[in-house]
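Student: take this sequence and fold it.
(chains A, B, C and D)
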Amino acid sequence: MGEKYWISDKPLVIQEVVDLVTRRNAGAINTFIGTVREFTKGKRTLYLEYEAYKAMAEKKLEEIGEEIKEKWPDAETAIVHRVGRLDITDIAVVIAVSTPHRADSYEASRYAIERIKEIVPIWKKEHWEDGEQWIGDQKETTYGIPAKGDA
Amino acid sequence: MGEKYWISDKPLVIQEVVDLVTRRNAGAINTFIGTVREFTKGKRTLYLEYEAYKAMAEKKLEEIGEEIKEKWPDAETAIVHRVGRLDITDIAVVIAVSTPHRADSYEASRYAIERIKEIVPIWKKEHWEDGEQWIGDQKETTYGIPAKGDA
Amino acid sequence: MNQILFFAGLREQAGEESIELDMNGRSIGELKETLSSRYAIDKVKESMAAVNEEFVQDEEIVKDGDTIAFIPPVSGG
Amino acid sequence: MNQILFFAGLREQAGEESIELDMNGRSIGELKETLSSRYAIDKVKESMAAVNEEFVQDEEIVKDGDTIAFIPPVSGG
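Tutor: Purely as a prediction, here's the structure:
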């Protein structure tokens, strides 16, 4: 199962992630692709740097897959997140979820991206024209163990 | 704009559809991939045949893109639907929607697939071991002009 | 003249992809009646109609040269 | 001995990716106190802690050989 959840320092290939969840009994595959956006609140990003605590990040991605399996037993999930320097429009994350019916694929995929932003030890540093900064997701400024499941 | 909405009789390539909506000001791309499932309510499908009223189908796909633009002005959409014989796990439809922020990409993509099932003149014929049948979506057995927008 | 298009199960019932009929000044409802009684294509009654690739209601009046398509319940996606 | 890992802004504040300290029998809360007062790495206070790749609370007691990581607010995706 571990090979469906990984951190990569190479450009991500959507098809590879989709292939991991394609199967005869799924009729729906939802994918979420996170890309590097140029403008955030009027501020221009030149490029990003992503850093991960790799071993733990892969474990947490797999944990998200297991949470999805509990909530949507027919779902299969694969997730890859990139690290290193990413330019505008580069892909930072690809999530693919296959399910027999379409509603579940949307819900489970959405759940995955929200959980990534909560529990997976990956950080981005924004590089602007006039400076740089590590970004912390608003969700995680409160201290504590991230809750399992119902976030 | 027309070149982002089309009917194809060739195998679909996810990356090509994603490329059509990738842009510097989108941070999120949601894709929905509809594949041919082997079992539906316990009945085994051998293969499917899709047929379209091509000119009208492409027009209606583009109309869905326009409806999305009205509801989510920052969204860009591309949709391709395949026709002809499709085997199990083959891709029947690829929808890609890019938006600056992720919530909209999920909602607009979901909207697109629901609308395809309502207003786009495409039909599938199921081929089972013991027979074959044109399938009509439950939604469309009531007669009338499909409503615009709020379905 | 008008070209009438059939798709999917409707095409199989009609035995043709299209037929030509002069429906100038007549309504879609009348065309459905004609197709179902004279040609035994009764599935047009459960189908939507499109004139020149736009959905229309039974009251729509056909003009010379219009292409009329009957759209049985769709199942794309 | 214990290895203490720092990431992102915390790593930059620490000036190191990791340091070694003997925290056997002490709590994560005490380690945070130590790092912030003795090493001036005060961002540990806004960070979550993980022992051997699992999130823990401040009350968690460290054993010899445990790897402790401080996880500043994450921003993947």
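
Student: can we go C-alpha only for contacts and neighbour counts from here?
Tutor: OK.

Student: after the lowest-mean-pLDDT helix or strand in chain A, next one along is what?
Tutor: When the helices and strands of chain A are scored by mean pLDDT, DSSP states H and E, strand A:39-40 comes last with a mean of 90. Next along the chain after strand A:39-40, taking DSSP states H and E as the criterion, comes strand A:43-52.

Student: mind listing what's buried in whatever helix or strand residue C:30 lives in?
Tutor: Using DSSP H and E, the element containing residue C:30 is helix C:28-38. By 16 or more other C-alpha atoms under 10 Å in any protein chain shown, the buried positions in helix C:28-38 come out as C:28-29, C:31-33, C:35-36.

Student: briefly note if the least confident helix or strand of chain A comes near chain D.
Tutor: No: on the criterion C-alpha under 8 Å from any C-alpha of the partner chain, strand A:39-40 is out of touch with chain D, staying 14.3 Å away.

Student: for that strand, packing partners?
Tutor: Packing contacts for strand A:39-40, counted by 3 or more C-alpha pairs under 8 Å, 6 or more residues apart in numbering or on different chains; DSSP states H and E, involve no helix or strand.

Student: just to revisit the earlier point, dump the buried residues of helix C:28-38 to CSV, plus pLDDT and distance to residue C:70.
Tutor: Below are these laid out as CSV (pLDDT from 0 to 100; distance: C-alpha to C-alpha, whole Å):
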residue, pLDDT, distance to residue C:70
C:28, 98, 10
C:29, 97, 12
C:31, 97, 11
C:32, 97, 9
C:33, 96, 13
C:35, 96, 11
C:36, 95, 12
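
Student: near chain D too, which of the residues you listed?
Tutor: Of those, not one also sits near chain D (C-alpha under 8 Å from any C-alpha).

Student: name the nearest of those residues relative to residue C:2.
Tutor: residue C:31 (10.9 Å; C-alpha to C-alpha).

Student: what's the burial count for the closest residue to residue C:48 other than its chain neighbours?
Tutor: Distance criterion C-alpha to C-alpha, 6 or more residues apart in numbering or on different chains; nearest residue to residue C:48, sequence neighbours excluded, is residue C:71 at 4.9 Å. When neighbours are defined as other C-alpha atoms under 10 Å in any protein chain shown, residue C:71 has 27 of them.

Student: for residue 10, grab phi and psi.
Tutor: No chain in the question, so chain A it is. Main-chain dihedrals, residue A:10, degrees, to the nearest 10: phi -110, psi 160.

Student: do you know how far it is from residue B:91?
Tutor: Residue A:10 sits 27 Å away from residue B:91 when distances are taken as C-alpha to C-alpha, to the nearest Å.

Student: do residue A:132 as well
Tutor: Applying C-alpha to C-alpha to residue A:132 and residue B:91 gives a distance of 42 Å.

Student: and residue A:86, by the same measure?
Tutor: Residue A:86 is 30 Å from residue B:91, by C-alpha to C-alpha.

Student: chain C: strands as residue ranges?
Tutor: C:2-6, C:18-21, C:48-51, C:54-56, C:67-71 (DSSP state E).

Student: can you redo these as a markdown table with mean pLDDT and distance to residue A:117?
Tutor: Below are the strands of chain C laid out as a markdown table (pLDDT from 0 to 100; distance: least, C-alpha to C-alpha, whole Å):
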| stretch | mean pLDDT | distance to residue A:117 |
| --- | --- | --- |
| strand C:2-6 | 98 | 51 |
| strand C:18-21 | 96 | 55 |
| strand C:48-51 | 98 | 46 |
| strand C:54-56 | 97 | 44 |
| strand C:67-71 | 97 | 45 |
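
Student: so which of those is nearest residue B:39?
Tutor: strand C:67-71 (26.7 Å).

Student: if we can go back for a sec, thought the residue nearest to residue C:48 was touching residue B:121?
Tutor: Yes: contact criterion C-alpha atoms under 8 Å: residue C:71 and residue B:121 qualify, at 6.6 Å.

Student: next up, the contacts around the residue positioned nearest the centre of chain C.
Tutor: For chain C, the residue nearest the mean C-alpha position is residue C:70 (3.9 Å; C-alpha atoms, centre = their mean). With C-alpha atoms under 8 Å, 6 or more residues apart in numbering or on different chains as the criterion, the residues that contact residue C:70 are C:4-7, C:10, C:44, C:47-50.
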